[in-house]
Each structure stands twice: as C-alpha cells, then as structure tokens.
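*Asks:* Mind folding the following:
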Amino acid sequence: MFEADRSGIKFGPFWIKPGLSRMNVATVMYASFSTVSMIVVMSLMQPYILTEIVQIPFAEQGTVTGRLHLLQELVTIFLVGLMGAWSDRVGRRFVYVLGFLIVACGYFVYPLATSENELILYRLIFAVGVAMIPVMLSTTIQDVPQEVSRGKWLGVSNVLQALGVVLISTGILTQAPDWFTAYGFDPIMAGRLTFWCATGFCVFSALVLRVGLAGNIPGGKQHESLFAGLRHGIEQGLQNPRLALAYGAGFIGRGDLVIVGSFLTLWVTQAGVEHGMTTAAAVGRAGMMFGIVQISAITWAYCMGMLADRINRVTGLCIALGMAAIGYTAMGLFADPFDGSMYILAILLGAGEVSVIVTAGSLLGQEAGWKKRGAVVGVFNLMGGIGIMTVGYFGGVIFDQIGRTAPFTVMGALNGLLLIAGLLVRSRSGKPIAEQ
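*Replies:* You can find the predicted model right below:
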C-alpha cells in the first residue's frame, strides 16, 4: 500500500522520517513509556486521596471524582488544541518539557490538600500540564514513522505506554502507600510520599526529553494566530469524513481511560474495603486489576498495528470498536469485581481499548499533513478531552446513582454507536490522503 523512503533511517522494523536520528527515535519511545503512566497515576491514586487524606464518604466519592474530572477537562479542552498549534510554531520539545514540569508541580501539591476545594485548586495546576503532554506524545509519535510503518510503530508505542503504566503506575506507585505504611509512616504521609515520588519521575522525564527530542519547528516561522491553527484542524475534520471518524475515536478512546483508570479503580477499591481490606491494600488490588488490562494491551497492541498496516484503516477501526463494545458491555453485567471471570473480561477490555487507540492513531496520522499536524492532533486530543469530561462527569453520577458497573455499560453503547458511523464512512470512503 505504501513505499518506504530510503533517505530515512531504519530503526528495527520501522522506517523513520528523514531528518530524525536514532537518539530522537529512542527518546520518543521513552516518552511513550513515561507520559501516559504519569497521567493515569492521578486517577489510580484518587480513591486513596479521597479516603485517607481528605476523608470523603464513600457515598460521595463517585460524584467528587466526576466533578474533579470535569474541572480538569474544562481546562484541558480550552488549552489542548492551542498547545498542538503552539507546538507547530515553537517546536514539540519546548511544549513537552514545560508540560512535564507543570505536571510535577501538580503532583507535589495535590496530597497537601485538606478539603475538596483545595483538591480542585491543585487539580487545575495538574490540568494545565495534562493539556500539554498527551498532545505532545501523540504528535511526536505521529512525526516519527513513514507511512509504510505507521501501524506497527503505533502498536509498539502503545505497548510502551502500557508497559509504563504496568511498571511505574500500577507496579510501583499504587503499591507505594502500602510499602510506606509498612515502614511506619501514617496513611497521610504514605500518600504524600507516593505523590512526591511521581513528582521526581516527572522532573527526570523532562530532563530526558530536553536532551533527546529533536528541536526542529515543523511549520517554520508562522504569522497566523494559534486560533487560526486550531481552526485549520477543525476544518480538516469537517471536510474529511475519515479524519472526523478518527476525531470521534479520540472521544471514545480517552473516555475509555477514564472508565478503566478511574471507575474500575474506584469500584475495586470500594468493594475491597467492604470485603475488610485496608484502603492501601484495596488500592493495590485495584492497581493489579488495572495492570491486567494493560498487560492485555501490551500483548495485543503490536498485532493490531500490523493489521492496521495491511487493511483499510477505517476497516481496522471498525474491528477495534466492535471489540471494545463487547468488552465494556460484558464488564457492565458483573456485580462482584473479585469474581474470577473478571480477569477474562479485563483481558478482553485491554485488547479492545488498545485496538481503538492504535487504529484511530493510524487513521489520524494517515490523514494529517506534516506542517499542521500539531493542530490536527490538537483537535484529536480536544475531542479526547471532551470525552473525558463527558464520561468522567456523567460516569461519576451514574456510578453513585445507578450502580458501580453502569459506566461500563454506557461506554459499550458509545463504542457501538461509533462502530455504526465507521461502517457508513467505510462504505463511502475513497483513497487515503497522500502524505504532505
């Protein structure tokens, strides 16, 4: 389907865009490993903060979690498209490094909160960084491969993202409160030390990215405003149904992260405490369940990437949406997260979730040009922010009002609706846009 440009280097099985060095490529791979893990830690540790530090009753935790997500995503929605367009003007490296440093500040102050109002204030600091680093991850990932290797490259990138979550987020940081408690720290200090470990990792990552990322500016000197760049990304989606479908998958894919990262964790944590576990032990159990989802994603991501390089990429996205719809709907039917069948569902959920991310990213990169790619990816992440805001807020309400599995059922329905839209686009789509 696509031919390799041999003026670029070959890095393992991947053909790389001309002008990028092996160190640049390796740094983007490290960015894949570190970025998502540092975002999801906040969601994974949220039940601990609410229970042990701010001491919010169980009956209110779903609503509070949803409210915090809503406020965070309002900031993200306002900034994320502008951050993508800004990176087209000042370079990916500057925005990426600054974003990691702001996230570090958010993790440092968050466990110092003593009330919900302070949680909101500190979460807004974190939100500014979150508006920067995911869009920079998406953009730098899309900048690296030639079209012939895009699906495989995105598959490996998602493997690295899942590995980062498994090893750093669930393997270390969600277990850390239990470890610190065992060393004699009280629960409040154990939580603070855990968050400060996350702070240190963010600072380290900023230094790595500053040294290893390419410092080039894709669009050269530009005189148009950031809002004009953002408008370009929106107009491209209105004109191109395949790109619009990718934007819709961005909404679904980021919403998936809320459901799995926040409400699966909250469900397992609350059920664990009701079974007589300590909060720290219950959070560790929730982290283990989340880890199973990510291990499934690690195992399946590269396979889905290879498939995306061999078939029509709209078809690949439709397959992924079908898998995710089945996984979420099945998860919504269970009442006990400690049922042995949950492990099988967690595996299916991980495969479906990563399939949507890989195939949506492949379709997005195929349809987005180089000079304004930051703006297009910014809109993709803007749609993701709207997805997180919508699913996070209403998911929290139905978690408290309807049941702990209700958010999974809703997400299954959303994946099914987008699948129908994908089938319509596939029946009418022509050839993919050539790389610009």
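
*Asks:* How about G422, nearest residue that isn't a chain neighbour?
*Replies:* Excluding its sequence neighbours, the residue lying closest to G422 (Cβ to Cβ, 6 or more residues apart in numbering) is C318, at 4.3 Å. C-betas here are computed from N, CA, C, even on glycine.

*Asks:* Contact partners for the one you found?
*Replies:* When contacts are counted by Cβ atoms under 8 Å, 6 or more residues apart in numbering, C318 touches 419, 422-423, 426.

*Asks:* Okay, and which of those residues map to strands?
*Replies:* For the contacts of C318, not one is inside strands, with DSSP state E as the criterion.

*Asks:* Mark which of the residues you listed are buried, thanks.
*Replies:* 419, 422, 426 (16 or more other Cβ atoms under 10 Å).

*Asks:* ok so, going back, the residue nearest to G422 sits in which helix or strand?
*Replies:* helix 313-331 (DSSP states H and E).

*Asks:* what's the following helix or strand after that helix?
*Replies:* helix 341-367.

*Asks:* by contact count, what packs against that following helix?
*Replies:* Identification of packing neighbours for helix 341-367 by 3 or more Cβ pairs under 8 Å, 6 or more residues apart in numbering; DSSP states H and E yields helix 133-143, helix 150-164, helix 241-258, helix 279-310, helix 313-331, helix 373-401.

*Asks:* Can you add mean pLDDT and distance to R231 and give these back as JSON lines?
*Replies:* Formatted as JSON lines, the helices and strands packed on helix 341-367 follow (pLDDT from 0 to 100; distance: least, Cβ to Cβ, whole Å):
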{"stretch": "helix 133-143", "mean pLDDT": "87", "distance to R231": "16"}
{"stretch": "helix 150-164", "mean pLDDT": "86", "distance to R231": "26"}
{"stretch": "helix 241-258", "mean pLDDT": "82", "distance to R231": "14"}
{"stretch": "helix 279-310", "mean pLDDT": "82", "distance to R231": "29"}
{"stretch": "helix 313-331", "mean pLDDT": "91", "distance to R231": "25"}
{"stretch": "helix 373-401", "mean pLDDT": "79", "distance to R231": "8"}
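
*Asks:* in the stretch 1-150 of the chain, which segments are predicted with low confidence?
*Replies:* Scanning the stretch 1-150 of the chain for pLDDT under 70 picks out 1-2.

*Asks:* mind running it again at 90?
*Replies:* 1-15, 17-20, 36, 40, 43-48, 51-92, 114-116, 131, 134-135, 138-150 (pLDDT under 90).

*Asks:* so where do the helices sit in it?
*Replies:* 22-48, 58-90, 92-109, 116-130, 133-143, 150-164 (DSSP state H, counting those that start in this stretch).
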